[in-house]
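> what would the 3D arrangement of this be:
(2 chains)
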Amino acid sequence: MPDTPPPNSSEDDQPGNEPAWSAAEVMRDRATETRRQRDAAITELRASMDDEQVRDEFGIDLGEIER
Amino acid sequence: MQAALAEAVARTTREQAVTDARNDLRELRRRAVEAGRDRSRKIIKTSRIDTRSGEIRYNPAGRLLRDWYLHVYMNALRATLGEPAVAVDAQQVEDMTGHLRRIRPDTKGLNGLHAVGVVRDVAADDAAHASAGIVAHLGGVAARRAVLHASDDRFDGDQLAIHVTRHWYQRCYDDHVHGATRSRQPLADVTEAEEHQVALTLGSGQPRRLIGKDGIPLLTAHGTVLTNLDRRLAAGEPGLISSITETEHHTDPTAVLRNRITRTWSELGLGDRGRWLRLAGAEPTSGDLAWSELNAAAQSKLIRLYLDTHRPDQLGVSFDGEVINNRPQLAAMVMFNHRRQLDARDIESMKGEVEADTGGRRIVDSEIAIRPTVGPRLEHG
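Just a heads-up that it's a prediction; the model follows:
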């Protein structure tokens, strides 16, 4: 037997329901995670080279990336 | 509104919304690619000052890493916006590190690998932020396009038809954007059944709630009521389905079916077995036999009836939502569980909120050109 359907009530006629799901929030969460990975990678590189060496050797401007 | 016209309005509105969403995504991706090129020039330099001579020298490592940034950035952007893309894997990182070592053989230890990794992660992060900005931005674009799609004078000014069409447009536009960016809520896809319900509302003038308060449609793609079990599964609630036993997991589907049917047969009493046999069109007097003792024809009939009566789609209840009794603007909003009405006078205020929402360093910083819908305009007939 199927589960019972969601009940209908006069409450269903009312506006102002905020869905629990937000696509924009999903995207922001992903961006937060990639930022965490990026910052970890930069920390790892800085453990062996300073910013000037990184810029001189590879052309990467870490300061500009983090700005 | 006539039924055929209502069906046409529902269908063309959906098609127009999807076309607009696809075009807007493509346009914003193009702009984001341009922004990515600009950023690659800012963060990775292809020249350097020789500290001994003071001369500016070309840095081929910078050129290589800038190309690497763009490769990762563009593919990450395409992937997150639903376009075919190359997956940047560990092998590509290895290959790029090899190229870098050939250009700069004096690079110590793992520094080259780390540099390649940093550029990859920066590019992926920039693409993720650009995509997040695009999705947030298009949320407002959808609302404004929806209002323009069904202007105040459309359908001879029929307010319900105007507002239902607007919210239906917004629903379809958002659905395409969220589907392309893989940010859509599970089970929340727009379906033909939902389109049919919109047409019924336009035809009858009776709005019904189609999307639940949890954001999931109240009806399935087959036009039946979506059960609470499905809704809870879609929300990721654990422990709703009993786990498959190890035995079932390692046997083929036919064996699972056979086990279930023979177990059911053995657990039934004579009366229930007789009823099963009668309904299946088999000889009802064989109810006292073990399953293996039934002849092949009787087994086939019993199995066919078992399958027919255990298919969930045949047990579904046809969707027939309750009519929403409210003024058209609110009724249409409630139908799709949207958070705000779609009135022409609100367009400008929506724009401001969307721009505030994208916030921070925005790669996509220009307004997408909003224009009235171009295409067949079906008037109330």
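
> so where's chain B shaky on pLDDT?
Residue ranges of chain B with pLDDT under 70: B:241-253, B:311-316, B:347-381.

> go with 80
Scanning chain B with the threshold set as pLDDT under 80 gives B:49-51, B:109, B:229, B:234-257, B:308-317, B:345-381.

> residue in it with the shortest distance to chain A?
B:G62 (2.5 Å; CB to the nearest CB). Using the backbone N, CA and C atoms, a C-beta is placed for each residue, glycine as well.

> quick one: contacts for that residue?
If a contact means CB atoms under 8 Å, 6 or more residues apart in numbering or on different chains, then B:G62 has A:58-60, B:44-48 as its contacts.

> again, only using 7 Å
When the contact criterion is CB atoms under 7 Å, 6 or more residues apart in numbering or on different chains, the partners of B:G62 are A:58-59, B:44-46.

> distance of the residue of chain A at minimum distance from chain B relative to B:A255?
Per CB to the nearest CB, A:G59 is where chain A lies closest to chain B, at 2.5 Å. Counting by CB to CB, to the nearest Å, the gap from A:G59 to B:A255 is 62 Å.

> who has more neighbours, those two?
Applying other CB atoms under 10 Å in any protein chain shown to A:G59 and B:A255 shows that A:G59 carries more neighbours, namely 23 against 12.

> wait, doesn't the more buried one sit right on B:K42?
No - proximity of A:G59 to B:K42 does not meet the contact threshold set by CB atoms under 7 Å, at 11.4 Å.

> neighbour-wise, which of the contacts of B:G62 leads?
Comparing these by number of neighbours (other CB under 10 Å), A:F58 comes first, having 30 neighbours.

> which stretches of the stretch 101-250 of chain B form strands?
Listed from the start of the chain, the stretch 101-250 of chain B has no strands (DSSP state E, counting those that start in this stretch) to report.

> get me the contact residues on it for chain A.
Counting by CB under 7 Å from any CB of the partner chain, the positions of the stretch 101-250 of chain B adjacent to chain A are B:104, B:107, B:109, B:111, B:114-115, B:117-119, B:121-122, B:124-125, B:128-129, B:131-132, B:135-136, B:139, B:178, B:181, B:183-185, B:209, B:212-215, B:218, B:225, B:227-229.

> mark which of those residues are buried, thanks.
Burial by neighbour count, judged by 16 or more other CB atoms under 10 Å in any protein chain shown, picks out B:104, B:107, B:111, B:114-115, B:117-119, B:121-122, B:124-125, B:128-129, B:131-132, B:135-136, B:139, B:178, B:181, B:183-185, B:209, B:212-215, B:218, B:225, B:227-228 from those.

> may I see the buried residues of stretch B:92-108?
Under the neighbour-count criterion of 16+ other CB under 10 Å, stretch B:92-108 has B:92-93, B:96-97, B:99-101, B:103-104, B:107 buried.

> can I get that stretch in CSV, CA atoms only?
Backbone C-alpha positions of stretch B:92-108 (Å, rounded to 0.1, in the frame of the first residue of the first chain) are rendered in CSV as follows:
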residue,chain,number,x,y,z
GLN,B,92,46.9,16.0,-16.3
VAL,B,93,48.5,17.5,-13.1
GLU,B,94,51.4,15.1,-13.6
ASP,B,95,51.8,16.0,-17.2
MET,B,96,51.7,19.7,-16.5
THR,B,97,54.3,19.3,-13.8
GLY,B,98,56.5,17.5,-16.3
HIS,B,99,56.2,20.4,-18.8
LEU,B,100,57.0,22.9,-16.0
ARG,B,101,60.1,20.9,-15.0
ARG,B,102,61.4,20.9,-18.6
ILE,B,103,61.0,24.8,-18.7
ARG,B,104,62.5,25.3,-15.2
PRO,B,105,64.9,22.3,-14.6
ASP,B,106,66.3,24.0,-11.5
THR,B,107,63.0,24.0,-9.6
LYS,B,108,63.5,22.2,-6.3
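
> can you show me the helices along chain A?
For chain A, the helices identified by DSSP state H occupy A:23-46, A:51-58, A:62-66, in order along the chain.

> and B:N325, helix, strand or coil?
Secondary structure, DSSP: H, G, I helix; E, B strand; the rest coil: B:N325 is coil.

> tell me the phi and psi of it?
phi -100, psi 90 (degrees, to the nearest 10).

> roughly how far does it sit from A:E25?
Where A:E25 is concerned, B:N325 sits at a distance of 33 Å (CB to CB).

> surely B:E7 touches B:A199?
Yes - using CB under 7 Å, B:E7 is in contact with B:A199, at 4.4 Å.

> those two: which is more packed in?
Neighbours were counted for B:E7 and for B:A199 using other CB under 10 Å; B:A199 has more, 23 against 18.

> which ones are touching that one?
B:6-7, B:10.

> closest one of the contacts of B:G62 to B:S151?
Distance to B:S151 across the contacts of B:G62 (CB to CB) is lowest for B:I44, with 48.0 Å.

> what helix or strand is the nearest residue to that closest one once chain neighbours are set aside on?
Distances taken as CB to CB, 6 or more residues apart in numbering or on different chains place B:R66 nearest to B:I44, at 4.4 Å, with adjacent residues excluded. When elements are defined using DSSP states H and E, B:R66 is found to belong to helix B:60-80.

> okay, the angle between that helix and helix A:51-58?
Using axes from the mean of the first three to the mean of the last three CA atoms, to 10 degrees, one finds that helix B:60-80 and helix A:51-58 are set 90 degrees apart in direction.

> run the chain-centre distance for helix B:60-80.
27 Å (CA atoms, centre = their mean, to the nearest Å).

> check contacts around the residue nearest to B:A188 when sequence neighbours are not counted.
Closest residue in space to B:A188, ignoring its immediate chain neighbours: B:I216 at 5.5 Å, by CB to CB, 6+ apart. Applying CB under 7 Å, 6+ apart, one finds that B:I216 lies in contact with B:185, B:187-188, B:226, B:231, B:234.

> verify the contact between B:T201 and B:T165 for me.
No - in this structure, B:T201 is not within contact of B:T165 by CB under 7 Å, at 10.0 Å.

> before we move on, the earlier item: ok, so of the contacts of B:G62, who is nearest B:D152?
Of all these, the one with the least separation from B:D152 (CB to CB) is B:I44, at 51.2 Å.

> pretty sure the closest one sits against A:L62.
No - contact between B:I44 and A:L62 fails when scored by CB under 7 Å: they sit 10.6 Å apart.

> what is the burial count for residue 63?
Just so you know, I chose chain A. Per other CB under 10 Å, the neighbour tally for A:G63 reads 11.

> wait, chain B
B:R63 has 16 neighbouring residues, counting by other CB under 10 Å.

> chain neighbours aside, what residue packs nearest to it?
Among residues not flanking B:R63 along the chain, B:T46 sits closest, at 4.7 Å (CB to CB, 6+ apart).

> the one you found and B:W291, how far apart?
Noted for B:T46: a distance of 77 Å to B:W291, by CB to CB.

> show me the contacts for B:G203.
For B:G203, the set of contacting residues under the criterion of CB under 7 Å, 6+ apart consists of B:1, B:3, B:6.

> thanks a lot, catch you later.
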